[in-house]
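[1] coordinates only, sequence not included:
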């Protein structure tokens, strides 16, 4: 019993929760944005894989880490544009198109990776984001190491969740996106072009997914594996529903999922097998 | 523009629906306070009360239409186009709309009111333009025209509503004795009695929502009795199942054409044989040739225009779909026909066609139970009339003794001293 309390009270667990939650937060925000505009984006799993690969590849070839994130965002945006073209302009099934984008993007990511990075015993690595200490806050007992020694993308993800919540709820642009998702005919009748809204939302949402994937290679870990997204995209799709399509709740939902993942990782070594959450 | 089918987002609030697209998309914050003030000022000016913070999906249909009108007014519209605005409204809601429209016209707005209902046009319009087949065929001042003239212009020929000839009703084919139907703990039908004779039309008049759908369900096999007896051809039948109703020869024209009458995504021939698919099957396979020729015979005999047997049913206009449903039932000369709101939403020409078919069935000896909320329709078709109010049926009155005033009172539930049993 004491062991459990010790674990729950350890700063390491809570630090891990935030770290594991980051790609989930980013992916879920992207999926929320897409779905609020009326497009289900099941390409998320592949887009995250592709983002993880191109972000890492850019840094491996000498770009700095922030440029790496930007490249991952652009890579995600390209596949978002493809998904938007298929579903919005051509009116194909969103489910089929999304699964197609996932299959294509993840295979393409591995193909490019293998083309440019030769097979070797241990995969090449980069120097990832380092934890940032926030003066004052990071020195607090428990709270400091748990919540204020994260890498920059984690702070950015939390800020983005708040920003997206504000945009959707309070700005005319957010209202137009929601209207396009709720009833495209109504949006059109009010002079808002729902096609433009959907393109914009899917492209920006997919860019967020790409950044979520890149967090794995540029911050949580330092090299790329083709299977490293490991279903996180699907968890994000589930989190969208869990969060009832609200960015601020997505933040909470991602933290809850991350807590259960982190605790399985922390409890397990003491009870039986080693931790199974890789690249966290 | 106010569309017949609303373009509103049910999950957003009234204010959000109204404000979408009215501000620059790149503004950092929506000025919802100013928007709400403007909305409230407009609602007040035209008497269109609605709560700005309410979810549109929670509003009644009449209120949703108010939101549609408010949307247009919020954009400082001077010309308002209303496409069949009363199609979804109840009587009192429509009355309210008319007074709002008059108020808006008095305040200097221009209104274009699109409708096929002559009463509404005559009640609201100053000038009337008649369109037919994409052409403008006439323009009249409302004060200088009549419903008859407009009807003629709309259809292109003189519309004569069919006239019911006198006839002697045959034997009783269907009788309800004290039937009560309880749905979810509420008595939707309360000990109703009626008899239906071969070769007569019994009209059930009432404002919709007073038990008509349960009464229709009782005869078509979808509602179960909780008390009373149903006697068909002299035999108590207990609770009818849908299959029983079909087997007994009860033809049914349901109230909701698209929902219950026909399946829009299926072909016309499939809808034609839907109720008797076993008759058009061999060893478990549908005999398509026979089914298609059956559909062809309906199309031919009932003048269904706008499709071949293999075209999709939803492509038919409302009137033609109704002719298909009527044809499917009447082509085999059913003993009993249940017609619920058979002419609702149809144009003048189609109404006349549907009425003519019902009277033809009556001549052929079919017993027709006509459920309607249209006084004129019931008075034109029915031999005897009963009013339905809150699940109770009035005693019948003969059509000769009925007039609009008397039926109006009956629809309001006042029949004890007014109606004399026939």
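    Yes, it's here. Being a predicted model, the structure only gives us computed values, none of them experimental. Residues are numbered from 1 along each chain as shown, chains lettered A, B, ... in the order given.
[2] Which of the three states applies to residue B:193?
    Here residue B:193 takes the strand state, with states given by DSSP: H, G, I helix; E, B strand; the rest coil.
[3] contacting residues around it?
    B:176-179, B:393 (Cβ atoms under 8 Å, 6 or more residues apart in numbering or on different chains). Where C-beta positions appear, they are placed from N, C-alpha and C, glycine not excepted.
[4] Could you report the pLDDT at it?
    If you check residue B:193, the pLDDT there is 91.
[5] separation between it and residue A:95?
    55 Å (Cβ to Cβ, to the nearest Å).
[6] returning to what we had before: pull the most distant pair out of the contacts of residue B:193.
    The distance between the two most remote of those (Cβ to Cβ) is 11.9 Å, for B:177 and B:393.
[7] Would you mind telling me which of those two has more residues around it?
    Neighbours per residue (other Cβ atoms under 10 Å in any protein chain shown) separate residue B:177 from residue B:393, with residue B:393 holding more: 23 against 15.
[8] Hmm, residue B:385 and that one touching each other?
    No. Judged on Cβ atoms under 8 Å, residue B:393 makes no contact with residue B:385 at a distance of 10.6 Å.
[9] Quick check: neighbours shared by the two?
    Joint contacts of residue B:393 and residue B:385 (Cβ under 8 Å, 6+ apart) are residue B:204.
[10] Strands of the stretch 51-200 of chain A, start to end?
    Counting by DSSP state E, counting those that start in this stretch, the stretch 51-200 of chain A forms no strands at all.
[11] What is the neighbour count of residue A:218?
    28.
[12] what do you get for residue B:234?
    For residue B:234, the count of nearby residues is 10 (other Cβ under 10 Å).
[13] Same question for residue B:68.
    Residue B:68: 24 surrounding residues under other Cβ under 10 Å.
[14] Now it. Its backbone dihedrals?
    Per-residue torsions, residue B:68: phi -60, psi -40 (degrees, to the nearest 10).
[15] Residue B:153 is in contact with residue B:348, correct?
    No. With contacts counted by Cβ under 8 Å, residue B:348 stays clear of residue B:153, the gap being 10.2 Å.
[16] Residue ranges of each domain in chain B, please.
    Structurally, chain B divides into domains by automatic domain parsing as follows: B:14-114, B:172-411.
[17] mind checking the end-to-end distance for the shortest one?
    With Cα to Cα, to the nearest Å applied, domain B:14-114 spans 25 Å between its terminal residues.
[18] hmm, it in reach of chain A?
    Yes. On the criterion Cβ under 8 Å from any Cβ of the partner chain, domain B:14-114 is in touch with chain A at B:16-17, B:19-30, B:71.
[19] ranking those residues by neighbours, who comes first?
    residue B:17 (29 neighbours).
[20] I'd guess that one is in a helix, am I close?
    Yes. With three-state DSSP as the criterion, residue B:17 is located in a helix.
[21] thinking it is in contact with residue A:186, fair?
    Yes. Applying Cβ under 8 Å, one finds residue B:17 in contact with residue A:186, separated by 6.9 Å.
[22] Mind listing the shared neighbours of these two?
    A:179, B:8-9.
[23] most neighbours, which of those residues?
    Highest neighbour count within those: residue A:179, with 31 neighbours (other Cβ under 10 Å).
[24] can you pull out the helices in chain B?
    Ranges of helices in chain B, per DSSP state H, are B:14-19, B:32-46, B:61-74, B:91-106, B:118-124, B:147-155, B:212-220, B:242-247, B:268-272, B:288-302, B:318-330, B:348-363, B:375-381, B:404-411.
[25] what about residue 117, how many neighbours?
    I'll assume chain A. Neighbours of residue A:117 using other Cβ under 10 Å come to 16.
[26] Let me rephrase: I mean chain B.
    Other residues lying near residue B:117 total 15 when counted by other Cβ under 10 Å.
[27] can you tell me which residues contact it?
    residue B:86.
[28] One more: residue B:265?
    B:312-314.
[29] And the residue of the stretch 201-350 of chain B at minimum distance from chain A, its phi and psi?
    Closest residue of the stretch 201-350 of chain B to chain A, Cβ to the nearest Cβ: residue B:265 (16.7 Å). Phi and psi for residue B:265, reported as degrees, to the nearest 10, are phi -80, psi -10.
[30] same question, residue B:27
    Backbone torsions for residue B:27, taken as degrees, to the nearest 10, come to phi -60, psi 140.
[31] wait, isn't it in contact with residue A:172?
    Yes. Contact status for residue B:27 versus residue A:172: in contact at 5.2 Å, counting by Cβ under 8 Å.
[32] For the stretch 151-280 of chain A, what lies in contact range of chain B?
    A:170-173, A:175-176, A:178-179, A:182-183, A:185-192.
[33] residues near the nearest residue to residue B:331 once chain neighbours are set aside, how many?
    Among residues not flanking residue B:331 along the chain, residue B:298 sits closest, at 5.7 Å (Cβ to Cβ, 6 or more residues apart in numbering or on different chains). Per other Cβ under 10 Å, the neighbour tally for residue B:298 reads 25.
[34] and if you look at residue A:114?
    11.
[35] now residue A:76
    Quick note: residue A:76 (other Cβ under 10 Å) scores 35 neighbours.
[36] For it, which non-adjacent residue is spatially closest?
    Ranked by Cβ to Cβ, 6+ apart and with sequence neighbours excluded, the top spatial neighbour of residue A:76 is residue A:210, at 2.3 Å.
[37] Keep only those of the contacts of residue B:193 that are in strands.
    Among those, the residues falling in strands (DSSP state E) are B:176-179, B:393.
[38] Return the member of those residues nearest to chain A.
    Lowest distance from chain A to those (Cβ to the nearest Cβ) belongs to residue B:393, with 41.5 Å.
[39] Please tell me how far that closest one sits from residue B:191.
    Residue B:393 sits 9 Å away from residue B:191 when distances are taken as Cβ to Cβ.
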